[in-house]
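Visitor: Fold the following for me, if possible:
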Amino acid sequence: MPGPDRKAAKAVVETPGTPAGGFRWTICALLFFATTVNYADRQILGILAPTLQKEIGWSEAQYGLIVTAFQGAYAIGLLGMGRFIDRVGTRLGYSLALGWWSIAAMMHALAASAMGFGCARFLLGLGEAGNFPAAIKTVAEWFPKRERALATGIFNSGSNAGAIVAPLLVPWLTLQFGWRWAFASLGGAGLPWIVAWLLIYREPARHPRLSRAELDYISSEPAEPVEHIPWRVLIANRPVWGLLLARFLTDPVWWFYLYWVPKFLNSQFGLKLDQIGLPVAGMYLASSAGGIFGGWLYSFLTKHGRGNNAARKLAMLACALMVLPIVLAPRVSNPWLATGLISLAMAGHCGWAANIFTIVSDIFPKRAVSSVTGICGFGGATGGMLVSGAVGFVLQATGSYLTIFALASFSYLVGLSIIHLMSPRLLAVNLEVRNT
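Guide: All right, here's what the predicted structure looks like:
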């Protein structure tokens with residue numbers, strides 16, 4: 001059979017409902033590596049916090065304010081970046097965001113005071129805010145709804161990969177070359193990714209390496225209008241507020257893990273810089289599995305007869321229950337038992353995140369995904385900013401982690417209750433009706 005006829009026959013056999021080709025997973029791999037770099041860059045400070053606290057001389061309260069500077073900028077950046085990426089597209093927007101945060105991460109090597117670190121963290125937060133709005137929008141562009149939870153879980157596991165790489169590399173770089181080289185080396189690791197992204201990424205309809213059959217599969221759902229949706233329309237929706245409030249409660253827990261777990265292991269169990277890497281890496285390895293588990297569980301439930309609403313919320317409930325035992329972490333005397341409890345909770349968070357991110361692309365049109373992700377992320381970062389400042393002062397005043405872990409343990413159940421109250425059935429949001 002001649003070449004064109006053979007291609008035509010293949011297109012007939014591979015219907016839009018059948019997965020055809022796998023180039024979309026190459027795009028998912030790029031998202032994974034970008035998210036790995038994103039979290040490696042932000043994790044450096046948490047790993048080096050005990051060392052820098054002695055060398056620079058900052059207090060617990062000052063450290064809390066340094067973390068708050070990042071999260072305040074991250075909150076501001078999410079609002080701006082979400083809208084910016086919806087306007088200019090993921091190809092340009094993602095590369096500019098990653099270039100910004102890579103340079104900001106390298107600038108930490110020049111800091112010599114608490115104020116200097118605060119300024120560097122603020123710039124890092126502005127740039128890193130572009131990662132998740134761009135990645136969620138890319139998933140919405142490249143994957144049909146049935147695959148988005150899995151794709152989100154895979155790319156979001158890059159956050160755990162980055163947080164595994166960092167505790168393994170940062171102590172070694174610091175002990176061999178000094179802490180400034182740790183910031184400079186990992187900060188520059190994202191620059192080659194920009195080159196790969198610009199060379200490989202195009203929208204599906206314009207990509208020369210995408211087969212017609214795979215494009216039909218990706219585009220198997222009804223086409224959407226392309227009109228711009230104002231913020232006033234988005235924030236008038238109850239589902240937006242439900243997701244925003246849920247992230248306001250649960251995102252701070254993840255920020256706490258990121259910036260205080262190494263300090264917790266140091267102060268509670270006396271682990272030094274060269275001893276922290278393995279338990280912290282183990283926590284994030286468990287987290288990576290949890291993110292994939294959250295996406296898989298949703299897919300499993302839908303395949304066994306559960307509708308989107310029930311499957312999504314049951315998966316989130318399972319992940320919320322995994323967090324509850326963390327209340328015991330500051331009460332145990334064995335560092336590896338504490339590591340196991342925190343690992344289980346972090347896995348639960350990542351499974352939760354895979355689903356809460358995917359709710360946005362489930363119920364909102366593609367052209368609004370980055371903006372809604374940015375608005376909801378703003379809520380999460382604002383919560384993180386408030387909690388980080390409070391944690392620093394609580395630890396300085398009491399020296400105890402008991403209250404902090406207790407509050408973290410049930411925040412996910414409260415968040416899920418809010419989502420259910422605001423979106424009882426997780427129906428698609430009709431923004432056109434509201435925009436007339």
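Visitor: can you pull the buried residues of the helix or strand harbouring G377?
Guide: Taking DSSP states H and E as the definition, G377 sits inside helix 366-398. For helix 366-398, a neighbour-count test (16 or more other C-beta atoms under 10 Å) marks 366-385, 387-389, 391-392, 394-395 as buried. C-betas here are computed from N, CA, C, even on glycine.
Visitor: before we move on, which element is A69 in?
Guide: Assigned by DSSP H and E, A69 belongs to helix 60-88.
Visitor: Next: W58.
Guide: Using DSSP H and E, W58 falls within no helix or strand.
Visitor: helix/strand/coil for the closest residue to G46 other than its chain neighbours?
Guide: Distances taken as C-beta to C-beta, 6 or more residues apart in numbering put Y259 closest to G46, at 4.4 Å, once the chain neighbours are dropped. Put simply, Y259 is helix when judged by DSSP: H, G, I helix; E, B strand; the rest coil.
Visitor: shaky segments in the stretch 101-250 of the chain?
Guide: For the stretch 101-250 of the chain, applying pLDDT under 70 flags the ranges 221-228.
Visitor: Now do the helices for it: every range, in order, please.
Guide: Using DSSP state H, counting those that start in this stretch, the helices of the stretch 101-250 of the chain run over 114-128, 131-142, 145-177, 179-187, 191-200, 212-218, 231-234, 238-269.
Visitor: and if you look at the stretch 301-436 of the chain?
Guide: For the stretch 301-436 of the chain, the helices defined by DSSP H, counting those that start in this stretch occupy 308-323, 335-363, 366-398, 402-422, 431-434.
Visitor: May I see those helices organised as a markdown table, with mean pLDDT and distance to L48 added?
Guide: Below are the helices of the stretch 301-436 of the chain laid out as a markdown table (pLDDT from 0 to 100; distance: least, C-beta to C-beta, whole Å):
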| stretch | mean pLDDT | distance to L48 |
| --- | --- | --- |
| helix 308-323 | 96 | 27 |
| helix 335-363 | 92 | 19 |
| helix 366-398 | 85 | 16 |
| helix 402-422 | 95 | 21 |
| helix 431-434 | 56 | 45 |
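Visitor: just so I know, which of these lies nearest A29?
Guide: Ranking the helices of the stretch 301-436 of the chain by proximity to A29 (C-beta to C-beta) places helix 335-363 first, at 16.5 Å.
Visitor: starting at the chain centroid, how far to the closest one?
Guide: 10 Å (C-alpha atoms, centre = their mean, to the nearest Å).
Visitor: tell me the angle that helix makes with helix 366-398.
Guide: Angle, helix 335-363 to helix 366-398, by axes from the mean of the first three to the mean of the last three C-alpha atoms, to 10 degrees: 150 degrees.
Visitor: What helices and strands are in contact with helix 335-363?
Guide: With contacts taken as 3 or more C-beta pairs under 8 Å, 6 or more residues apart in numbering; DSSP states H and E, helix 335-363 sits against helix 131-142, helix 145-177, helix 238-269, helix 273-303, helix 308-323, helix 366-398, helix 402-422.
Visitor: can you list contacts of the first one?
Guide: For helix 131-142, the surrounding residues in contact (C-beta atoms under 8 Å, 6 or more residues apart in numbering) are 24, 27-28, 31, 34-35, 38, 78, 81-82, 85-86, 90, 93-94, 97-98, 101, 148, 151-152, 155, 203-204, 218, 357, 360-361, 366, 369-371, 373-374, 377.
Visitor: Please apply the same query to the fifth one.
Guide: Helix 308-323 is touched from outside by 253, 290, 294, 297-298, 301-302, 306, 344-345, 347-349, 351-352, 355-356, 358-359, 362, 408-413, 415-416, 419-420, 424-426, with contacts defined as C-beta under 8 Å, 6+ apart.
Visitor: circling back to that earlier point, take the helices and strands packed on helix 335-363 and write them to a markdown table, including distance to L210.
Guide: A markdown table is the format used below for those (distance: least, C-beta to C-beta, whole Å):
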| stretch | distance to L210 |
| --- | --- |
| helix 131-142 | 9 |
| helix 145-177 | 15 |
| helix 238-269 | 31 |
| helix 273-303 | 23 |
| helix 308-323 | 27 |
| helix 366-398 | 17 |
| helix 402-422 | 34 |
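Visitor: chain center to stretch 151-164, what's the gap?
Guide: Between the centre of stretch 151-164 and the centre of its chain there are 8 Å (C-alpha atoms, centre = their mean).
Visitor: what's around the residue nearest to A368 when sequence neighbours are not counted, how many residues?
Guide: Take A368 and drop its neighbours on the chain: the residue closest to it by C-beta to C-beta, 6+ apart is I229, 4.9 Å away. Residues within reach of I229, counting by other C-beta atoms under 10 Å, total 19.
Visitor: who touches I229 in this structure?
Guide: 365, 367-368, 371, 431, 435.
Visitor: Relative to R209, which of those residues is nearest.
Guide: Among the contacts of I229, R367 lies closest to R209 (C-beta to C-beta), at 24.5 Å.
Visitor: before we move on, the earlier item: F122 is nearest to which of the helices of the stretch 301-436 of the chain?
Guide: Comparing the helices of the stretch 301-436 of the chain under C-beta to C-beta, the one sitting nearest is helix 366-398, at 11.3 Å.
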